[in-house]
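[1] Provided below are the primary sequence and the corresponding predicted coordinates.
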Amino acid sequence: MLRLRSCVLTHLLSSPSASPFPSSLHRLISAAAPAVSSNPGFAAEEYLVATCGLTRAQALKASTKLSHVKSPSKPDAVLDFLAGLGISSADVAALVVKDPLFLCTSVDKTLSPNVAELTGLGFSISEIARLVSIARAGFRCRSIVSKLHYYLPLFVSIENLLRALKFNDSIVAYGLERSQRASKLNLAFLRECGLGDCDIAKVCIAVPWMLTTNVEHVRAIVACAEGVGVPRESRMFRHTLHAVACLGKEKIAAKVEYLKNTFRWSDAEVGIAVSKFPSVLLRCKEALQSRSEFLISELGLEPAYIAHRPAMLSYNLERRLRPRYYVAKFLKENELLERERDYYSTVTISDKVFMEKFIHPHKVAAPHLAEDYATVCSGEVPARFIFA
């Protein structure tokens, strides 16, 4: 049963047409609101455990932020407000652990007005609930609405904005003037680099702190991206910015050296590979090593061949690279291929096309091929795929 203070009900129910809550919830609250009794004392730690669902250790730490609270009336109102948004008990507990002062926020003066204005920007109740869990302290400030109104056009959609906030809430944590000043400088510089607004938005969704960081930091990221061989005019430039921003200059330099040693690439070949597939910089060493051993040592592919086709490094070794090689090798050994097939083209086609071109045409000549292919995709090598 919801525990709503009469003042909160007055605010939320006074204008049903303007209420941000669903009509069904509005009616439920109207029918179920009990009388409110005053409580002269407030034991914060016990309240956090019994009412908010915190562990004893979490409550002990969080209660230090609530020593000034003398009554449960405001925390009760906040909890009822969060329940009205459909936020689960587990998410409420996580919110309180991260930001105990959220329980001290005024529902009348801050939370409900924020909801009302955000629905005016196009946010649904479920999106506002997600925003509360993500922004936490940012949501208990009235300025969050103006901040989101400012950034929403850049991110194009509310979903993109929420994704960006999930990775970095500095957009709503900083003051609007400060964040606007930083973002204007960074946006202007990225446009100077030849990035369009669509590309900038995609970069900022993946690396949202690039909006609010110092512009010199962004300049350093751009310089590092160019240093690994990806020019600003490349369509892969924004992907390279993402990789550099995630790793940093020192780790990028170390990864470039690792790529050179692992795939026997020259500086120029590393530049070619990265310019075609920047995400290779984000691949873990173990994955890169296993692919090098298979592609170079087992298949005998030339390092230059791989450098010009680095996307093959993105495919699963056990479920795609190795099985398709075995099928092509089997067909060649049994003279079932009409012509020599390029390995890269064999790997990059879809599963459906691969089956149509390499498996189905040979049902009579190789009736077990489909079964053997499925077996090798599961991690076992059938006897027919063991070549002398």
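    In hand now; what should we look at?
[2] CA atoms for contacts and neighbours, from now on please.
    OK.
[3] Now V274. Nearest residue, chain neighbours left out?
    Once flanking residues are discounted, V274 sits nearest to V280: 6.6 Å by CA to CA, 6 or more residues apart in numbering.
[4] Is the one you found in a helix, a strand, or coil?
    helix (DSSP: H, G, I helix; E, B strand; the rest coil).
[5] Now do the contacts for it.
    Residues in contact with V280 (CA atoms under 8 Å, 6 or more residues apart in numbering) are 273-274, 310, 313-314.
[6] same thing but at 10 Å, please
    240, 243, 255-256, 259, 273-274, 288, 310-311, 313-314 (CA atoms under 10 Å, 6 or more residues apart in numbering).
[7] Quick check: A59 touching K98?
    No - with contact defined as CA atoms under 10 Å, A59 and K98 do not form a contacting pair (11.2 Å).
[8] Specify which residue of those two has the higher count of neighbours.
    The residue with more neighbours, out of A59 and K98, is A59; 22 against 15, by other CA atoms under 10 Å.
[9] before we move on, the earlier item: which of the contacts of V280 tops the neighbour count?
    T240 (32 neighbours).
[10] wouldn't that one be in contact with G248 here?
    No - counting by CA under 10 Å, T240 stays clear of G248, with 11.4 Å between them.
[11] Report the set of residues contacting both of these two.
    221, 224.
[12] G120: how many residues sit nearby?
    Neighbour tally, G120, other CA under 10 Å: 12.
[13] Report the separation between it and V145.
    Using CA to CA, to the nearest Å, G120 is found at 10 Å from V145.
[14] anything in contact with each of these two?
    N114.
[15] Just want the phi and psi numbers for the closest residue in space to R232 that isn't next to it in sequence.
    Setting aside the residues directly before and after it, R232 is nearest to C193 in space (CA to CA, 6+ apart), at 6.0 Å. Torsion angles at C193 (phi, psi; degrees, to the nearest 10) stand at phi -80, psi 0.
[16] quick one, what contacts C193?
    187, 219, 222, 231-233, 237.
[17] all helices of the stretch 251-388 of the chain, in order?
    267-276, 285-292, 303-307, 322-333, 343-348, 351-354, 369-377 (DSSP state H, counting those that start in this stretch).
[18] Deepest-packed of those, please.
    helix 267-276 (a mean of 21; mean count of other CA atoms under 10 Å).
[19] middle-most residue in this protein, spatially?
    With distances taken as CA atoms, centre = their mean, the residue of the chain nearest its centroid is R163 (6.0 Å).
[20] okay, and for the stretch 1-150 of the chain, where does confidence drop off?
    Counting by pLDDT under 70, the stretch 1-150 of the chain shows low-confidence ranges at 1-41.
[21] rewinding a little: just to check, the residue nearest to the centre of the chain is in contact with A201?
    No - between R163 and A201 there is no contact under CA under 10 Å: 11.7 Å.
[22] Count the neighbours of the nearest residue to the residue nearest to the centre of the chain once chain neighbours are set aside for me.
    The shortest distance from R163 to any non-neighbouring residue, by CA to CA, 6+ apart, is to I205 (6.6 Å). Per other CA under 10 Å, the neighbour tally for I205 reads 24.
[23] Same check on the one 3 residues further on?
    With neighbours defined by other CA under 10 Å, the count for P208 comes to 22.
[24] Excluding covalently adjacent residues, which one is nearest to it?
    Using CA to CA, 6+ apart and skipping residues adjacent in sequence, the residue nearest P208 is A164, 5.5 Å away.
[25] name the element the one you found belongs to?
    In the assignment (DSSP states H and E), A164 maps to helix 158-167.
[26] Mean confidence (pLDDT) on that helix, please.
    The average pLDDT within helix 158-167 is 88.
[27] With stretch 307-320 instead?
    Rounded mean pLDDT across stretch 307-320 is 96.
[28] What of stretch 271-279?
    On average, the pLDDT along stretch 271-279 is 95.
[29] quick one: the strands in the chain?
    With strands called from DSSP state E, the chain shows none.
[30] about what we covered before: C-alpha coordinates for the helix holding A164, CSV please?
    Written as CSV, here are the backbone C-alpha positions of helix 158-167 (Å, rounded to 0.1, in the frame of the first residue of the first chain):
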residue,chain,number,x,y,z
ILE,A,158,16.0,10.3,-26.0
GLU,A,159,17.3,6.7,-26.3
ASN,A,160,20.7,7.9,-27.5
LEU,A,161,20.8,10.5,-24.8
LEU,A,162,20.0,7.9,-22.1
ARG,A,163,22.7,5.6,-23.5
ALA,A,164,25.3,8.4,-23.3
LEU,A,165,24.3,9.3,-19.7
LYS,A,166,24.6,5.6,-18.7
PHE,A,167,28.3,5.7,-19.6
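[31] ok now that helix, how far from the chain's centre?
    Centroid separation between helix 158-167 and its chain, computed with CA atoms, centre = their mean, to the nearest Å, is 8 Å.
[32] Need the contact partners of it.
    121-124, 127-128, 130-131, 133-135, 148, 151-155, 168-172, 201-209.
[33] if we can go back for a sec, would you point out the most distant pair within the contacts of V280?
    T240 and L288 (17.9 Å; CA to CA).
[34] Look up the closest residue to V327, ignoring the ones flanking it.
    Nearest one to V327, counting by CA to CA, 6+ apart, is Y373 at 6.9 Å.
[35] Equivalent analysis for G248, please.
    Spatial nearest neighbour of G248, excluding adjacent residues (CA to CA, 6+ apart): I221 at 7.7 Å.
[36] ok, how many other residues are close to that neighbour?
    Going by other CA under 10 Å, the residues that sit close to I221 add up to 22.
[37] on that earlier part again, can I assume the residue nearest to V327 is in contact with E318?
    No - the criterion here is CA under 10 Å, and Y373 misses it with E318 at 11.5 Å.
[38] returning to that earlier point: would you quantify the distance from the residue nearest to P208 to G86?
    A164 is 22 Å from G86, by CA to CA.
[39] Likewise for L165?
    Taking CA to CA, one finds L165 at 20 Å from G86.
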